[in-house]
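Participant: just need the structure, nothing else, for what follows:
(one chain, ligands or ions: 1)
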Amino acid sequence: MKTLFINPPNAPITSASIWIEPIDVLTIATYAQSLGHVVSVLDMDRDDGRMNELSIMLENEDYDAVVIVHDYHIPLFQDWSQKKLLELVSLCKKYKVKVVIGWKLSTYAPRKILMNDAYPDVIISKEMEMPIKELLATGVWTEAFLDSIPNIAYRSWDEVIETIKEASRFDIRELPIPDRKLLDVNDYIDVRTMLSSRWCSFRCSFCSVPDFWWKRRAREACEVVEEIAYLYKEFWAKKVLFLDDNATIENERMREISRMLINLKLDVKLGCLGNLRHFDEETMRLMYEAGFAWIHYWVESGSEKLLKSVGKFIPKEQVRSVIQQTKKIWFRVRTSWIMDLPGSTIETAEETAKFIMELEPHEIRLHYLSIRFGSRIFNESLEKTWELPKQYIHGKPVVTKGTSSEIIDASVQSLTEKLRETGYSVIYDNDENAEFENRDRNTKIASFCPLRYGIWWE
Ligand code: SF4
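Facilitator: Numbers count the residues shown, from 1 in each chain. Here you go, the predicted structure:
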């Protein structure tokens with residue numbers, strides 16, 4: 001089938017200063033390509049949302065299907081993007097194409113997509129590869145055919161039909177290297193991205209990753225290294241980021257990847273999203289030797305009580321030690337924090353501010369709680385209301401009125417002042433990222449908005 005894969009527009013459109021290629025869209029498009037389908041990719045999260053460009057493509061290219069991948073592997077889509085998504089479906093349905101939507105919204109809120117005037121032919125729950133393989137195998141999608149495919153939903157008159165839900169048997173080692181030529185990588189910042197594994201072993205109550213991926217699957221170390229070499233040779237990549245939700249769970253695998261990279265002697269710097277609990281000094285030293293220069297640790301809070309309550313307890317002493325050791329090995333360290341975890345008090349707010357100042361990471365990402373689809377907190381909220389909780393990930397505190405909000409505001413305000421006094425640049429707007437393109441190792445940034453990757457990976 002001739003298929004167009006779309007990264008839909010966020011709302012607001014993501015700032016050019018942090019654009020990275022939509023690696024999850026490239027992954028599924030390349031997989032379809034490997035099955036013999038003719039594929040193209042359109043990234044609509046740019047410029048003005050590119051609706052005109054889409055119309056022209058649909059007018060001229062005679063596509064059989066459009067597959068919309070809504071919500072990056074790293075969830076950055078905002079609530080307002082859902083409205084844009086429906087506009088996009090409405091536009092596609094003016095043409096004779098089948099429309100499929102996959103990922104977070106379609107997994108956790110199928111009715112929100114299907115019970116509209118214009119709606120897609122099929123939505124996919126969780127992992128996309130197996131349903132996509134079956135759907136694209138034929139152009140005739142009868143109800144009997146759709147009923148035979150697990151993990152999808154479709155609308156029949158006024159009813160939403162959800163097919164059987166089953167755990168994925170898909171082996172991600174079958175995935176080809178995502179074809180970056182489906183887009184122009186020069187349109188993005190100078191950091192190429194890759195996905196080498198799925199799932200995370202933690203159970204943070206605000207996160208949907210463990211539920212979404214069922215179980216851990218990882219690509220072979222040699223395949224991972226082959227992809228890095230491909231990015232280096234074909235696209236002159238100097239910086240590559242592992243966007244795996246938790247890249248450092250398996251130390252032995254990371255050591256294997258690092259040893260192979262050391263042998264290859266590629267001039268590439270690497271970064272990854274790691275975790276504090278599985279820190280292993282020997283592995284980190286080897287990773288550094290292999291080119292890893294940056295790591296992101298989610299610390300979330302300076303209060304052990306709050307960390308326990310959200311299922312992410314790591315003793316502060318361990319956090320302190322891991323961050324000190326990581327910096328000593330010479331990694332640039334980003335930490336992230338959620339300023340309004342449920343149960344926050346003046347004491348927990350002060351503990352967190354004090355801990356941030358003490359750790360002095362190079363980059364600090366300050367968040368407010370986002371109630372992500374499929375998380376324990378999300379499910380608890382749904383029990384109280386039929387309304388979907390807000391997903392806005394870069395917004396204001398969840399509690400916006402009353403004493404808690406005042407406590408959080410006051411502590412964030414005082415923390416911000418202290419950070420500025422100790423040499424941090426504090427940024428609030430995506431566009432401010434542009435000024436950090438060429439800074440030195442001592443650059444210290446605290447950010448209330450998405451922070452660009454690749455700052456001083458030397
Ligand atoms: S927040 Fe991070 S560590 Fe926690 S479950 Fe999600 S991916 Fe894992």
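Participant: Leu341 reaches Val310, doesn't it?
Facilitator: Yes: here Leu341 lies in contact with Val310, judged by C-beta atoms under 8 Å, at a distance of 5.9 Å. From N, CA and C alone the C-beta is placed, and that goes for glycine too.
Participant: looking at those two, which has the bigger crowd around it?
Facilitator: Taking other C-beta atoms under 10 Å, Leu341 and Val310 do not tie; Leu341 has more neighbours (27 against 22).
Participant: need the overlap of contacts for Leu341 and Val310.
Facilitator: Residues touching both Leu341 and Val310 (C-beta atoms under 8 Å, 6 or more residues apart in numbering) are Glu300.
Participant: just give me the neighbour total for the residue lying closest to Asp43 once chain neighbours are set aside.
Facilitator: Residue nearest to Asp43 in three dimensions, not counting chain neighbours: Asn7, with 4.6 Å by C-beta to C-beta, 6 or more residues apart in numbering. Counted with other C-beta under 10 Å, the neighbours of Asn7 add up to 25.
Participant: where do the helices sit along the stretch 151-300 of the chain?
Facilitator: Using DSSP state H, counting those that start in this stretch, the helices of the stretch 151-300 of the chain run over 209-213, 221-235, 251-264, 281-290.
Participant: give me the three-state assignment for the residue in the stretch 301-450 of the chain positioned nearest to the ligand.
Facilitator: Nearest to the ligand, among the residues of the stretch 301-450 of the chain, is Lys312, at 5.9 Å (C-beta to the nearest ligand atom). Using DSSP: H, G, I helix; E, B strand; the rest coil, the structure places Lys312 in coil.
Participant: tell me which parts of the stretch 201-350 of the chain are close to the ligand?
Facilitator: Applying C-beta under 6 Å from any ligand atom, we find that the stretch 201-350 of the chain lies next to the ligand at Phe202, Cys204, Cys207, Val209, Pro210, Asp245, Asn246, Asn275, Trp298, Lys312.
Participant: swap the cut-off to 5 Å and go again
Facilitator: For the stretch 201-350 of the chain, the contact set with the ligand under C-beta under 5 Å from any ligand atom comprises Phe202, Cys204, Cys207, Val209, Asp245.
Participant: any part of the lowest-mean-pLDDT helix or strand in the chain near the ligand?
Facilitator: Using mean pLDDT, DSSP states H and E, helix 376-384 stands out as the lowest-scoring helix or strand of the chain, at a mean of 80. No: contact of helix 376-384 with the ligand (C-beta under 5 Å from any ligand atom) is absent, the minimum separation being 10.3 Å.
Participant: pull the residues that contact the next helix or strand after that helix.
Facilitator: Following helix 376-384 in sequence order, the next helix or strand is helix 402-421 (DSSP states H and E). The contact list for helix 402-421 (C-beta under 8 Å, 6+ apart) reads 339-340, 344-346, 349-350, 352-353, 356-357, 364, 366, 397, 399, 426, 446.
Participant: model confidence over helix 402-421, on average?
Facilitator: Across helix 402-421, the average pLDDT comes to 84.
Participant: what angle separates the longest strand along the chain from helix 251-264?
Facilitator: Under DSSP state E, the strand in the chain containing the largest number of residues is strand 292-300. Per axes from the mean of the first three to the mean of the last three C-alpha atoms, to 10 degrees, the angle that strand 292-300 makes with helix 251-264 is 160 degrees.
Participant: any residues touching the helix or strand that strand 292-300 is followed by, and which ones?
Facilitator: Next in sequence after strand 292-300, counting helices and strands by DSSP H and E, comes helix 304-309. Surrounding helix 304-309, the residues in contact under the criterion C-beta under 8 Å, 6+ apart are Ser205, Glu300, Ser301, Phe313, Ile314, Pro315, Lys316, Leu341, Pro342, Gly343, Ser344, Thr348.
Participant: most neighbours among these, which one?
Facilitator: Leu341 leads those on contacts (other C-beta under 10 Å) with 27 neighbours.
Participant: contacting residues around that one?
Facilitator: Residues in contact with Leu341 (C-beta under 8 Å, 6+ apart) are Glu300, Ser301, Ser303, Leu306, Ser309, Val310, Thr348, Leu369.
Participant: so for the nearest residue to it once chain neighbours are set aside, what's the pLDDT?
Facilitator: Distances taken as C-beta to C-beta, 6+ apart place Leu306 nearest to Leu341, at 4.7 Å, with adjacent residues excluded. At Leu306 the predicted local confidence, pLDDT, stands at 95.
Participant: what's the answer for Ser168, then?
Facilitator: 87.
Participant: test my guess that it contacts Trp199.
Facilitator: No: between Ser168 and Trp199 there is no contact under C-beta under 8 Å: 10.7 Å.
Participant: any stretches of this protein with poor pLDDT?
Facilitator: 72-75, 385-404 (pLDDT under 70).
Participant: got the domain boundaries for it?
Facilitator: 2-162, 189-447 (automatic domain parsing).
Participant: nearest to Arg173, out of these?
Facilitator: Of all these, domain 189-447 sits nearest to Arg173, with 5.6 Å by C-beta to C-beta.
Participant: just the buried positions in stretch 78-86, please.
Facilitator: The neighbour-count check on stretch 78-86 (16 or more other C-beta atoms under 10 Å) flags Gln78, Asp79, Ser81, Gln82, Lys84, Leu85, Leu86 as buried.
Participant: alpha carbons of that stretch, as PDB, please.
Facilitator: Taking C-alpha atoms only, stretch 78-86 is exported to PDB below (Å, rounded to 0.1, in the frame of the first residue of the first chain):
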ATOM      1  CA  GLN A  78      -0.300  18.900  24.700                       C
ATOM      2  CA  ASP A  79      -4.000  18.700  25.300                       C
ATOM      3  CA  TRP A  80      -4.700  21.300  22.600                       C
ATOM      4  CA  SER A  81      -3.000  19.100  20.000                       C
ATOM      5  CA  GLN A  82      -6.100  16.800  20.100                       C
ATOM      6  CA  LYS A  83      -8.200  19.400  18.400                       C
ATOM      7  CA  LYS A  84      -5.500  19.700  15.700                       C
ATOM      8  CA  LEU A  85      -5.500  16.000  15.400                       C
ATOM      9  CA  LEU A  86      -9.200  15.900  14.600                       C
END
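Participant: what bridges to the residue nearest to Ile228 when sequence neighbours are not counted?
Facilitator: Excluding its sequence neighbours, the residue lying closest to Ile228 (C-beta to C-beta, 6+ apart) is Val240, at 5.5 Å. Residues in a beta bridge with Val240, per DSSP bridges, are Arg192, Leu270.
Participant: look up how far the ligand lies from Val240.
Facilitator: Going from Val240 to the ligand by C-beta to the nearest ligand atom, to the nearest Å gives 20 Å.
Participant: Lys238 too?
Facilitator: On the measure of C-beta to the nearest ligand atom, Lys238 and the ligand end up 27 Å apart.
Participant: among the buried residues of stretch 78-86, which are within reach of the ligand?
Facilitator: Checked against the ligand using C-beta under 5 Å from any ligand atom, those give no members in range.
Participant: give me the neighbour count for Leu182.
Facilitator: If we define neighbours as other C-beta under 10 Å, then Leu182 has 19 of them.
Participant: wait, isn't it in contact with Tyr31?
Facilitator: No: the criterion here is C-beta under 8 Å, and Leu182 misses it with Tyr31 at 11.7 Å.
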